[in-house]
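A.B. asks: Give me a model of this one.
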Amino acid sequence: MIGLARLDNDLAGWLDRTLVVPGVLPPERFEEAFVAIVTSGAPDPDDAWLAFYRNTLDALRGDPEPGGTNAELKPVHERAADLAVGSVLELGTCFGFLALRLAEAGHEVIATDLVPGTVGLLDRMAPRLGLAVDTLVADARAVPLPDGSVDTVLAVHLLEHLPAEEGKAVVAEALRLARRRVVVAVPFEEVPNETWGHVTTFDEAALDELGAATGLPYEISLHHGGWLVIDR
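C.D. replies: As a prediction, the model looks like this:
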């Protein structure tokens, strides 16, 4: 059993470095091992998850351990928060750390993901953290919401998990849902990271092609990976 004080998202990077990369843990067993370790932290699994959320959010607000997963996420989340305007829909929210940060900053937030388990977890944890986030189980390529539902749609570290054509469909859906802005962020990798479920790599040229295909004004920038911002 791991102590509650040690439960945070850096556990993911530790598992990858110490077990997956050396070949001890197959990538397809990563998620199972991660969940087992977190939920071992308390008799009630939700108490363990709450500690995991609180510790991770504290790290993302403060000074994360150098080289850890939180240290990688923090500048990405800060950039996304700077780019978000008005109400926000996040596609592929996973645990929902970014959605919670935006809610804490005063945005109205809808967080969506394809996986019911993570959406349900976020739905349970947000009230216990004192934050309001609406959640929705949805495929990012076909979200059951009306056109122009929100001001900003975020797809932060989502498209690398999808084949290229599906990524284009996500951008098209984001543009349908956004009144003002779509923000896409991706890591730049030479080889997709199998542990994290990546299947597509990106560079500046790929992002430029994605933006040009929309026919709308867009900007490409580099900040701990690549960013595509499309303004309607």
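A.B. asks: Could you find the residue nearest the spatial middle of the chain?
C.D. replies: residue 93 (4.6 Å; Cα atoms, centre = their mean).
A.B. asks: which residue sits closest to that residue in space, ignoring its chain neighbours?
C.D. replies: residue 111 (3.9 Å; Cβ to Cβ, 6 or more residues apart in numbering). Backbone N, C-alpha and C define where each C-beta goes, glycine included.
A.B. asks: Assign that neighbour to one of the three secondary structure states.
C.D. replies: strand (DSSP: H, G, I helix; E, B strand; the rest coil).
A.B. asks: wouldn't it be in contact with residue 132 here?
C.D. replies: No. Using Cβ atoms under 8 Å, residue 111 is not in contact with residue 132; the gap is 10.9 Å.
A.B. asks: Neighbour count for these two, which is higher?
C.D. replies: Shown here are residue 111 and residue 132; by other Cβ atoms under 10 Å, residue 111 has more neighbours (30 against 12).
A.B. asks: residues of the top helix by length along the chain that come out buried?
C.D. replies: Ranked by number of residues, the top helix in the chain under DSSP state H is helix 45-61. By neighbour count on 16 or more other Cβ atoms under 10 Å, the buried set for helix 45-61 is 48-57, 59-60.
A.B. asks: how about low-confidence regions in the chain?
C.D. replies: 1 (pLDDT under 70).
A.B. asks: can you give me the helices in it?
C.D. replies: Assigned by DSSP H, the chain shows helices spanning 10-15, 30-39, 45-61, 69-83, 97-104, 116-128, 164-177, 204-212.
A.B. asks: Go through those and name the closest to residue 232.
C.D. replies: Among the helices of the chain, helix 164-177 comes nearest to residue 232, with 7.3 Å by Cβ to Cβ.
A.B. asks: tell me what that closest one is packed against?
C.D. replies: Helix 164-177 is packed against strand 150-156, strand 178-186, helix 204-212, with contacts defined by 3 or more Cβ pairs under 8 Å, 6 or more residues apart in numbering; DSSP states H and E.
A.B. asks: before we move on, the earlier item: how about the longest helix of the chain as CSV, C-alpha atoms only?
C.D. replies: This file holds the C-alpha atoms of helix 45-61, laid out as CSV (Å, rounded to 0.1, in the frame of the first residue of the first chain):
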residue,chain,number,x,y,z
PRO,A,45,-11.0,3.8,-3.2
ASP,A,46,-12.7,7.2,-3.6
ASP,A,47,-10.7,8.5,-0.6
ALA,A,48,-7.5,7.4,-2.4
TRP,A,49,-8.6,9.0,-5.6
LEU,A,50,-9.4,12.2,-3.8
ALA,A,51,-5.9,12.3,-2.3
PHE,A,52,-4.6,11.6,-5.8
TYR,A,53,-6.5,14.6,-7.2
ARG,A,54,-5.7,17.0,-4.4
ASN,A,55,-2.0,16.1,-4.5
THR,A,56,-1.8,16.4,-8.3
LEU,A,57,-3.6,19.8,-8.4
ASP,A,58,-1.4,21.1,-5.6
ALA,A,59,1.7,20.1,-7.6
LEU,A,60,0.3,21.7,-10.7
ARG,A,61,-0.3,24.9,-8.9
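A.B. asks: and residue 114, what does it touch?
C.D. replies: 92, 137-140 (Cβ atoms under 8 Å, 6 or more residues apart in numbering).
A.B. asks: let's go with 7 Å and repeat that
C.D. replies: For residue 114, the contacting residues are residue 139, by Cβ atoms under 7 Å, 6 or more residues apart in numbering.
A.B. asks: now residue 131
C.D. replies: With the criterion set at Cβ under 7 Å, 6+ apart, residue 131 makes contact with 100, 103-104.
A.B. asks: which one among those gets closest to residue 44?
C.D. replies: So of the contacts of residue 131, ranked by how close each gets to residue 44 (Cβ to Cβ), first place is residue 100, at 20.7 Å.
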